[in-house]
Structures are given as structure tokens and as C-alpha cells.
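# Structure for the following, please:
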Amino acid sequence: MMKFKVINLIRLVIKNPFFSSSLVMVVGSNLYNLGQFVYHFLSGRFLGKVFYSDLAALISILGIVGIIQLAFGLTIVKYLSSHKEKKILADFIKWVYGWSVKIALAVSLLTLLFSHSLATFLNLQQPLSVYLLPPLLFFFIIATTGRSILQGLLRFNSYVTSLIAESAVKIILAIIFILLGYALLGTVAALVLSVVAAFLIVRYSVADYLRGGIDKKPNILPLLKYSFFVFIQGLALTSMYSMDLLLVKHFFPPEEAGIYASLAVLGRVVFFGASPITHVMFPVIARKHHLGEGYIKIFYLSLLLVTGFSLIVLLFYLFFPQLAIGLLYGTAYLVGSPILWWFALFMAFLAVAMLITQFYLSIGKTKIILLFLIAAIAQIALIWFIHPDLLTVIQLSILTAALLDLCLIVYFFYLYFSKK
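So this is what the prediction gives:
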């Protein structure tokens, strides 16, 4: 009898639309992440350390823009998932898409204006490559905005298609351009054209909402207020999975910092591998909350999926650390294998914190973001004053992430059970 109950439960989970959407996002996003790894692997091998460092510097600029866009992207998702009237959705999409084009143009022109100074500051070996940054930023900003629109509309298939197309174009063109001898210029050009490919797919996918004029512009003040809290959360999150690496680079010898960097790359598989589940949960719960429908079961299922995925990777790193490190980095990095699972545990706690925080944001609970900010500051302070070895650094990060999870869970029980 118990066996049939378990089988029926599994069938219900698999047939759940949320599960199928999460599966699409997890598979598609991780194919994209794999493509990112292949692109960096090929670039690092073919370009050499000097040109590859130039490429990494240019890509880091995209990361800065990406952090800023995270706030506005989640605001777009929240607004779209909270409305179902097509006219309201169309007006908002046309308004936000139009502004994304204007902002993209302004950022691109500003970057073009300072391109020469930027190339000098970064000491680029091929200074001409910096002039590909303005068109890259232009299409990146619009494509990212378009993906937020697709996420808010629950069009996850189109979202994933744009990711996979970008990844495939990037890898193929990078190989071609490098073999033709264009080195850094070629890899950056491949990056630009891959983002253009993503832009075209996204533009086609939202074309039905962009026809005609705008009848009523949205009230932007609540949107800006919401964006502020999301921006703070984005900064805190980015800090928690990057500042530890920078502090290790500052306090430890280069060899140990290199070991830690390899652990960070492998450990982040847990966080970024589970994040597509959160991307699906956010708009689904936001829509159900706005319509007054039940959404707690979606949250529970999301938590179960994130925990399950994290546990699988964690166990693999616990039992096969040398295999994971050896395949990616070689025998020189195997000294870090005993503590790989510790880093995966840190990323698992962070993935759960991200999920719960996104849940609160999806139902409009924004002030809870302050907990994330406090945790990020605490992590920096603890590592700054206590860093005898790499394991201690990781364990301090685990401590801050675990306490963050605990506070977020306590607030959940207060919110949903204390008043009953």
C-alpha cells in the first residue's frame, strides 16, 4: 500500500505544470552554463593567459551591468506575473521594452565615448576589441530585458531557446574566429554575435505584445521602490558568492588562492544549477498571490527540488571530489579535494536562502531583504578577522548562510503559523 502511495505521489509531482516548467528551465539553463564553461575553456586554452585575462576583464563589465539589471528584471517579472489582462500587459511591455532600448543606446554611446580610456586602463593587448563592447552592451541590455518579459509571461520554452542559441553561436564562432587568427578580437566578436542571436529570438517571442501604441503608462513609483529592495538583495547575494574569493585572494598566497578559486567554480554548480527552479517559482507564485489563489504548495515543491538537487551534487563532491577536480583542472588542484564538499554545502545553504528570499519578494515582502544584507556584511567581517586556513573561510561562509536560512525560516513560521 505504501509503495502505491509513493508511486502516485511521484506521478503527481511529474505531471505538475510547475515541475515540467522547472525541468525545462533546469535543463536549458544548465546547458547554457555548460556552454559558458566550454567557451571559457576554449578561450583560455587557445588565447593564452594574457589575452584570456583581457577577455575576462571585458566580460566582468557585463557582470556589473547584469547586477544592475537584476533589480529591474525581477520588477518586470513581478509586474507581469501579477496581471492577466492582455492590454495592461501589452502597455507595460511596450513601455519597458522602449525604455530598455533608450537605456541600452545611452550606455553604449557612453561606453564608446570612453572606449580608448577603458582600453588603456585595462591594458588590453588588442585595444580594438574594446570597441566591440558598446554593441555588446546594447544588445545585452535589450535581450536581458526581453528575457525578464518572457519569464513574467511564463514563456519558459522561448526563454531557454534564447539561452541555448546564445551559447551555441558563441562557441561555434569563437572556434572559427580563433582558428582564423583573430584571438581576443575574435572571441569578443563571437560574444557580440551570440547576444545578437539571443536578442533576435527574444524579440520574435514578444513581438505580439509590441504592436501598436501605449494607451496607459504604468505608475513607476511603486516599481522603483520595489526595484530598490531587489537591487539591495542582488548586491548582497553577489557579495556572498564573490567576496570570499576576493578576500582569499587578498589574504592567502597565490597557490592557495588558486585552489580556492577552483573550489568556488565547482561549488557554484550547486547554486547556479538550482537557480532555474527559483526563476520558475517567482512568477508562478507572484501570479497566484495576486489572484488570491493558493501558492504555498508551489513554494514547498520548489524547496524540495532545490534541496534535492543540492544534495545530489553535494554527495557527488563528498564521495568523488578527486574525479570532479581532476576532470576540470588536473592533478595540480587535487589538494583541495578534501574540502570541496564543504564549499558545496555553503552553496546549498545559499541556494535555499535565495529561494526563500525570492518567495518573499514574489508576495511583496521586501523588507526581509535586510537579512540578506546583514548576512553579507557578517560574512565579510568574519573572514576579514578570522582566516587561518581555507577550510575556516568556507566554514565561516557556511555559518552566515545557515544563520540566514534559519532567520528566513523563522520569519516564514511567524508569517504563516503564528497568527492562526
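
# tell me the phi and psi of Gly364?
phi 90, psi 10 (degrees, to the nearest 10).

# Skipping its backbone neighbours, what lies nearest it in space?
Excluding its sequence neighbours, the residue lying closest to Gly364 (CB to CB, 6 or more residues apart in numbering) is His289, at 7.5 Å. Bear in mind the C-beta positions are built from the backbone N, C-alpha and C, glycine included.

# For burial, what's the neighbour tally of the one you found?
18 (other CB atoms under 10 Å).

# Which other helices and strands does the strand or helix carrying it contact?
Here His289 is covered by helix 254-291, with elements defined by DSSP states H and E. Under the contact criterion of 3 or more CB pairs under 8 Å, 6 or more residues apart in numbering; DSSP states H and E, helix 254-291 touches helix 17-81, helix 133-152, helix 243-251, helix 296-319, helix 321-329, helix 340-362, helix 390-416.

# List the buried residues in it.
If you call a residue buried by 16 or more other CB atoms under 10 Å, then helix 254-291 has these buried ones: 256-290.

# For Thr161, find the nearest of the helices and strands packed on helix 254-291.
Of all these, helix 17-81 sits nearest to Thr161, with 7.8 Å by CB to CB.

# continuing past the closest one, what's the next helix or strand?
helix 86-113.

# In that following helix, which residues are buried?
Neighbour-count burial for helix 86-113, with 16+ other CB under 10 Å as criterion, is recorded at 88-94, 96-97, 100, 103-104, 107-108, 111-112.

# Helix 133-152 and that helix, what's the angle between them?
160 degrees (axes from the mean of the first three to the mean of the last three CA atoms, to 10 degrees).

# quick one: low-confidence parts of the stretch 251-400 of the chain?
Along the stretch 251-400 of the chain, segments meeting pLDDT under 70 span 328-330.

# ok, the closest residue in space to Thr366 that isn't next to it in sequence - contacts?
Using CB to CB, 6+ apart and skipping residues adjacent in sequence, the residue nearest Thr366 is Phe229, 3.9 Å away. Contact analysis of Phe229 by CB atoms under 8 Å, 6 or more residues apart in numbering lists Leu361, Thr366, Lys367, Ile369.

# Does Phe229 lie in a helix or a strand, and which?
Residue-wise, Phe229 maps onto helix 220-240 under DSSP H and E.

# how many degrees apart are that helix and helix 254-291 in direction?
150 degrees.

# Show me what the mean pLDDT comes to for helix 220-240.
Helix 220-240 carries an average pLDDT of 80.

# Now do it: distance to the chain's middle.
Relative to the centre of its chain, helix 220-240 is centred 14 Å away, using CA atoms, centre = their mean, to the nearest Å.

# now swap in stretch 257-273 and tell me
Distance of stretch 257-273 from its chain centroid, counting by CA atoms, centre = their mean, is 14 Å.

# follow-up on the earlier one: the helix holding His289 vs helix 321-329, what angle?
On the basis of the same axes, to 10 degrees, helix 254-291 is oriented at 100 degrees to helix 321-329.

# picking that back up, out of the contacts of Phe229, what pair is the most spread apart?
Maximum pairwise distance in the contacts of Phe229, criterion CB to CB, is 10.7 Å, between Leu361 and Lys367.

# Specify the residue ranges that define each domain of this protein.
Following the assignment in automatic domain parsing, the chain carries domains at 16-218, 220-420.
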